[in-house]
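Student: Turn this into a model:
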Amino acid sequence: MKNAVISLKNKLVTIMGLGVHGGGAAAARHCANRGARVTVTDLRDESVLDAGLKALGNWEGRLVLGEHREEDFLGADVIVKNPAVPRNAALLTRGLESGALLATDISLLFAELAALITPDQLRIIAVTGTKGKSSTASAIHHALLSLGCRSFLGGNITISPLGFIDELLDAAIHGPTYLVLELSSFQIGDLKMVLSHRDDGIFRRPDISILTNMMPDHLDYYSDMNSYVADKAALFAMTAPDGCLISGRPGQWEAEFARAAAGRRNLSLAGISELGLEDSLPADPLVPGAHQRENFALAAMALAELGFRGADVAHALERFPGVDHRLQYIGCIGMHRVYNDSAATIPQAALAAVGAFAEPVHLICGGSDKQLDLSALAEAVSRSHRTYLLAGTATDILINSLSPAGKQRVRGPFDSIAAAVSAAADDLSSLESPS
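Tutor: Now for the predicted structure:
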């Protein structure tokens, strides 16, 4: 049964969705390198998929853009699903009914690792959550490298692990190695779907799984919060039976994650003092904010499970520079510091970012409506010295929810980020002291 999934030689593989973040391209190259005959198909055309096409590079395979062809699914041995593809897509369903095996880039990774590497050679740490998963995963990876370990980082952080799987395998053969994965709800739900189609024990499971927090999000994709939570909680259920689970703030969905834990060790952020990890926490980190301190605490708990604790861990986390687009320091306008927090795509994250600073904040926000409660974003606006709104359906709703005093501190809406930044720069240049 293993060979049906592991051996791709001469198999007909259809990559359903090239995507723009590298996952489809990495899967295509991986399957081609393993001897498969690969077709990449995407409903979008070259003008949209430019980044994905560049990521393909030189490879041997077929490319079908602007449409999906029935014959590419009904005749496939393996269909590799991109996370953005709906799970009930008609051709995907028909392809699986005709006998194709379902896969994703993460399931291909787990299958190959299970066949070739033992848990003693490679420890896998998986991180999910509504917010903070990129920062937490990146902080763990940064600390492991700082501690002199072999560590690799991939997943939803826009780095497909299939792009470095050969390097990972080589490192694990030569000594203990660590793989840190950031996993989205889409990726976890797809893994759950793969396992439901074929759970024959050939998948390497994470040794440590972390939930940062749970907040409403992606309700433009999921029918309700229960469906979103179920995908997140599935990570706990697919963790190794002797693995460790670390819960940050599951909120009102704590019971769902406890059920998914199913007898595994389940540590809580609330109990970090009982673990004696105070000396592993950074005292003066480069990245500000209470939410980042929680991310560091989760990272310290994971590192302790791996056998690392104490001042060396604290120093490594203290020097963590942050993640692109997540309270990322990018320079100054005059004497005023500028941070890019454009990954704060839910209202609570924007509010947390504003609260990370003691100084007055000039906030740029707004955009499209994702069917979320905007009250936290309205509070972020009220706490900011001035707000520059980007045009969009969510912005229209937000403006109507602001108090008269709040509206007086708002400029815009602006049609582009460049126009909003220019307006903010003009206002900042008129101030005499740094914000």
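Student: residues touching the residue most central in space within the chain, list them.
Tutor: Of all residues in the chain, the one closest to the mean position by C-alpha atoms, centre = their mean is residue 156, 3.7 Å from it. Remark: with contacts taken as C-beta atoms under 8 Å, 6 or more residues apart in numbering, residue 156 is in contact with 133-134, 182-184, 187. In this view, the C-beta of every residue, glycine as well, is placed from N, C-alpha and C.
Student: could you redo the last one with a cut-off of 6 Å?
Tutor: Residues near residue 156 by C-beta atoms under 6 Å, 6 or more residues apart in numbering: 182-184.
Student: With residue 377 instead?
Tutor: By C-beta under 6 Å, 6+ apart, the contact list for residue 377 reads 347, 350, 398.
Student: same thing but 8 Å
Tutor: The contact partners of residue 377, taken as C-beta under 8 Å, 6+ apart, are 347, 350-351, 365, 394, 398.
Student: And for residue 409?
Tutor: Residue 409 touches 381-382, 384-387, counting by C-beta under 8 Å, 6+ apart.
Student: between the contacts of residue 377, which is nearest residue 142?
Tutor: residue 350 (24.7 Å; C-beta to C-beta).
Student: Can you classify the closest one by secondary structure?
Tutor: Per DSSP: H, G, I helix; E, B strand; the rest coil, the secondary structure class of residue 350 is helix.
Student: Equivalent analysis for residue 41, please.
Tutor: strand.
Student: try the one 10 residues further on
Tutor: Here residue 51 is helix, with the state taken from three-state DSSP.
Student: As a markdown table, the contacts of residue 377 with distance to residue 77, pLDDT and neighbour count would be great.
Tutor: Listed next are those as a markdown table, based on distance: C-beta to C-beta, whole Å; pLDDT from 0 to 100; neighbours: other C-beta atoms under 10 Å:
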| residue | distance to residue 77 | pLDDT | neighbour count |
| --- | --- | --- | --- |
| 347 | 45 | 86 | 24 |
| 350 | 45 | 86 | 22 |
| 351 | 48 | 88 | 21 |
| 365 | 47 | 90 | 25 |
| 394 | 43 | 87 | 21 |
| 398 | 49 | 90 | 26 |
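Student: Make a markdown table out of the residues you listed and add distance to residue 61.
Tutor: Below are the contacts of residue 377 laid out as a markdown table (distance: C-beta to C-beta, whole Å):
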| residue | distance to residue 61 |
| --- | --- |
| 347 | 42 |
| 350 | 42 |
| 351 | 46 |
| 365 | 42 |
| 394 | 40 |
| 398 | 45 |
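Student: now for these, which pair is the farthest apart?
Tutor: 351 and 394 (14.5 Å).
Student: didn't residue 53 look like it was pressed against residue 28?
Tutor: No - counting by C-beta atoms under 8 Å, residue 53 sits too far from residue 28 to count as a contact (10.7 Å).
Student: With neighbour numbers in mind, choose between the two.
Tutor: Using other C-beta atoms under 10 Å as the criterion, residue 53 and residue 28 rank with residue 28 on top: 30 against 17.
Student: before we move on, back to that, closest one to residue 144 out of the contacts of residue 156, please.
Tutor: Nearest to residue 144 among these, with distances taken as C-beta to C-beta, is residue 182, at 14.4 Å.
Student: Could you pull up the residues touching that closest one?
Tutor: Contacts of residue 182 (C-beta under 8 Å, 6+ apart): 127-128, 133-134, 137-138, 153-157.
Student: From the residues you listed, list the buried ones, please.
Tutor: 127-128, 133-134, 137-138, 153-157 (16 or more other C-beta atoms under 10 Å).
Student: hmm, who's touching stretch 144-153?
Tutor: 137-138, 141, 159, 161, 164, 167-168, 171-172, 175-182, 303, 306, 308, 312-313, 315-316, 319.
Student: end to end, how far does it reach?
Tutor: Stretch 144-153 has its terminal residues 11 Å apart, counting by C-alpha to C-alpha, to the nearest Å.
Student: Only the buried residues of that stretch, if you could.
Tutor: For stretch 144-153, by 16+ other C-beta under 10 Å, it's 144, 146-147, 149-153.
Student: Then stretch 90-109?
Tutor: Buried-residue list, stretch 90-109, by 16+ other C-beta under 10 Å: 91-92, 95-96, 100-109.
Student: One more: stretch 234-251?
Tutor: 234-239, 243-250.
Student: Then stretch 363-374?
Tutor: By neighbour count with 16+ other C-beta under 10 Å, stretch 363-374 contains the buried residues 363-367, 370, 372, 374.
Student: TSV for the residues you listed, including distance to residue 7 and secondary structure?
Tutor: Formatted as TSV, the buried residues of stretch 363-374 follow (distance: C-beta to C-beta, whole Å; DSSP: H, G, I helix; E, B strand; the rest coil):
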residue	distance to residue 7	secondary structure
363	53	strand
364	51	strand
365	50	strand
366	50	strand
367	46	coil
370	42	coil
372	45	coil
374	51	coil
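Student: Tell me the one of these nearest residue 405?
Tutor: Closest to residue 405, out of all of the buried residues of stretch 363-374 and judged by C-beta to C-beta, is residue 363, at 15.5 Å.
Student: And the closest residue to that closest one other than its chain neighbours, how close does it get to residue 288?
Tutor: Leaving aside its sequence neighbours, residue 363 sits nearest to residue 384 (C-beta to C-beta, 6 or more residues apart in numbering; 4.1 Å). Look at residue 384 and residue 288: by C-beta to C-beta, to the nearest Å, they are 16 Å apart.
Student: Ok, residue 105 next?
Tutor: Using C-beta to C-beta, residue 105 is found at 34 Å from residue 288.
Student: for this structure, where's the lowest mean pLDDT among helices and strands?
Tutor: Using mean pLDDT, DSSP states H and E, helix 2-6 stands out as the lowest-scoring helix or strand of the chain, at a mean of 42.
Student: Direction included, what does whatever helix or strand comes next after that one pair up with?
Tutor: The helix or strand immediately downstream of helix 2-6 is strand 12-16, counting by DSSP states H and E. If you go by DSSP bridges, strand 12-16 pairs up with strand 37-42 (parallel), strand 78-81 (parallel).
Student: pLDDT (mean, whole number) over strand 12-16?
Tutor: In this model, strand 12-16 has an average pLDDT of 97.
Student: Noted, bye for now.
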